[in-house]
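Participant: what's the 3D shape of this:
(one chain, ligands or ions: 1)
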Amino acid sequence: MSKYLLVPQTIITADANDSIFHNKCLEIENGVITGIHENSTSVISGFQGEVVHLDNKVLIPGFVQTHIHLCQTLFRGLADDMELLDWLQKRIFPCENSHDPASLKSAAQLGIYELTMGGTTCLLDMGTMRHQETIFDELIGSGMRAVAGKCMIDQNDLYPSFKSTTKAELDYTYELANAYHNIAEGRIRYGFAPRFVLSCTEELLKETRAMMDDFTDSIYHTHSSENKGEIQEVRRLHNRENIDYFNSINVLGDHTVLAHCIHVNDHEVDLLRSTRTRVAHCPSSNMKLASGIAPIHRYLQEGVHVSLGADGAPCNNTLSAFNEMRLAALLQKPFHGPTVMDAKTVFRLATIEGAKALHVDSLVGSIEIGKKADLCILDLSDPTFSVSPDDEALYSNIVYAATAARVTDVMINGAWVVRKGEHQIYEKDKVYSTAKAELKNVLQRVQNS
Ligand SMILES: [Zn+2]
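Facilitator: Numbering: from 1, shown residues only. Below you'll find the model as predicted:
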């Protein structure tokens, strides 16, 4: 197997001490970080393997995004400037409902291409109703690390043809979890994904939670408290607030990731903290759909676990971790002052805290000996970045100034997925042209349905 010595200018580790190393090199053997050495001629000349010189480059842990909809990537730009429930009913559900395996494969490729080119090495995906095997196959083949699962819907007043029976949803999900949990050397795990309260019966929500006991370190992934119309409807149906309702049916916990959590009361904040439920914050999506602003500063102060995600391409419209970091920081400041959500804190939310949310932090999320080599390499030697030699300027450059275009190389599980700006798995032109053709096919099927 492969043996590498990476020689960057700087290594930002996101370890417990936020260690930053200058003039050190990283040894990787069989996908695992095996050493952090002084950058000396004797270390480099004596190395038995491939030495990769990354002059002037910054090495960071790959980003972990904890809320993504790969299946929606084809639909970017088709549902702009709409309100959430309208957005779902008129555009997103009809389009998702019209996926066939070929269009879904194309959507997954397009999403994974963009994510990996932008330094994301691990994600939590919501999946879609049908053909979920296609997404898994693409995740496996792409080299991506992922927790993913079939989106479960057994009631749908917004778009009635986009649902299945409770039993069929549970059976298909169990089959998928059996086939795909903890495969590809542990790179892929199952994430149970009931869509949101309004599209799931109580039986589905509870039975899905019970199923998780058969799959160690699987994740329960759903949306919560995103929109005022949504929580009003939850209140009407269940006489409770959304998170309070989840608590009443025992689906909260440290293996549960709730996307958004914008509209919550004091009791719900307390529930999130005491149950150690994970919040996936998606600031671009929340602003674009005008859903609201999640109380992230409060969550962090009160010990609620937070990580970041780009959500789906139609509500963002990029899948860039850099955009989410920058917005997550800026969004809290007008309310709580400029000192909150500093760049280092936000960088941790996009890396190690994401890994903790998915329970993969013993494997990835930081650069430490013994962890898997999931890495992102950045070129920040450009006039648009701070020239300050201070370590703080590194975080500032990454969170406030960088974009996905600054990513030059990406490694997942010790394998190069992006090298010198070129994707190693996908051909860019082919991914793009296939996506254009497949979108046409989806829209044709929407018309005919
Ligand atoms: Zn979502």
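Participant: hey, where'd the helices end up in the stretch 1-150 of the chain?
Facilitator: 41-45, 84-86, 93-97, 101-117, 132-142 (DSSP state H, counting those that start in this stretch).
Participant: Residue 319 reaches residue 309, doesn't it?
Facilitator: No: if you go by Cβ atoms under 8 Å, residue 319 and residue 309 don't touch, sitting 9.2 Å apart. Every residue, glycine included, has its C-beta placed from N, CA and C.
Participant: so what sits against both of the two?
Facilitator: Common contacts of residue 319 and residue 309 (Cβ atoms under 8 Å, 6 or more residues apart in numbering): 65, 68.
Participant: if we can go back for a sec, make CSV out of the helices of the stretch 1-150 of the chain and add mean neighbour count, distance to residue 438 and mean pLDDT.
Facilitator: Shown next, in CSV, are the helices of the stretch 1-150 of the chain (neighbours: other Cβ atoms under 10 Å; distance: least, Cβ to Cβ, whole Å; pLDDT from 0 to 100):
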stretch, mean neighbour count, distance to residue 438, mean pLDDT
helix 41-45, 11, 46, 93
helix 84-86, 17, 25, 86
helix 93-97, 23, 11, 95
helix 101-117, 24, 4, 98
helix 132-142, 21, 12, 98
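Participant: what's the closest non-adjacent residue to residue 222?
Facilitator: Counting by Cβ to Cβ, 6 or more residues apart in numbering, residue 194 is the residue found nearest to residue 222 once chain neighbours are left out, at 5.1 Å.
Participant: I'd say that neighbour and residue 201 touch.
Facilitator: No: using Cβ under 8 Å, residue 194 makes no contact with residue 201, being 9.4 Å away.
Participant: quick one: which of these two has more around it?
Facilitator: residue 194 (28 against 16; other Cβ atoms under 10 Å).
Participant: Figure out which of the helices of the stretch 1-150 of the chain is closest to residue 302.
Facilitator: helix 84-86 (26.2 Å; Cβ to Cβ).
Participant: so what does that closest one touch, helix or strand wise?
Facilitator: Counting by 3 or more Cβ pairs under 8 Å, 6 or more residues apart in numbering; DSSP states H and E, the packing neighbours recorded for helix 84-86 are helix 228-238.
Participant: List the contacts of the helix it packs on.
Facilitator: So helix 228-238 is contacted by 83-85, 196-198, 225, 240-242, 245, 248, 263, 292 (Cβ under 8 Å, 6+ apart).
Participant: how about 10 Å then?
Facilitator: For helix 228-238, contacts defined as Cβ atoms under 10 Å, 6 or more residues apart in numbering pick out 83-86, 88, 157, 196-198, 202, 223-225, 227, 240-246, 248-249, 260, 262-265, 290-292.
Participant: so of those residues, which ones are in helices?
Facilitator: Among the contacts of helix 228-238, DSSP state H puts 84, 85, 86, 202, 242, 243, 244, 245, 246, 248 in helices.
Participant: Adding distance to residue 285, write these out as a markdown table.
Facilitator: A markdown table is the format used below for these (distance: Cβ to Cβ, whole Å):
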| residue | distance to residue 285 |
| --- | --- |
| 84 | 9 |
| 85 | 14 |
| 86 | 15 |
| 202 | 27 |
| 242 | 17 |
| 243 | 19 |
| 244 | 23 |
| 245 | 22 |
| 246 | 20 |
| 248 | 27 |
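Participant: beta partners of the residue most central in space within the chain?
Facilitator: Taking Cα atoms, centre = their mean, the centroid of the chain lies closest to residue 65, which sits 2.1 Å from it. When assigned by DSSP bridges, residue 65 has beta-bridge partners residue 123.
Participant: OK, contacts around it?
Facilitator: By Cβ under 10 Å, 6+ apart, the neighbours of residue 65 are 115, 118, 120-125, 146, 280, 282, 307-311, 319-321, 324, 350, 354, 358.
Participant: do residue 305 as well
Facilitator: Contacts of residue 305 (Cβ under 10 Å, 6+ apart): 254, 257, 272-273, 276-280, 299, 349, 353, 356-357.
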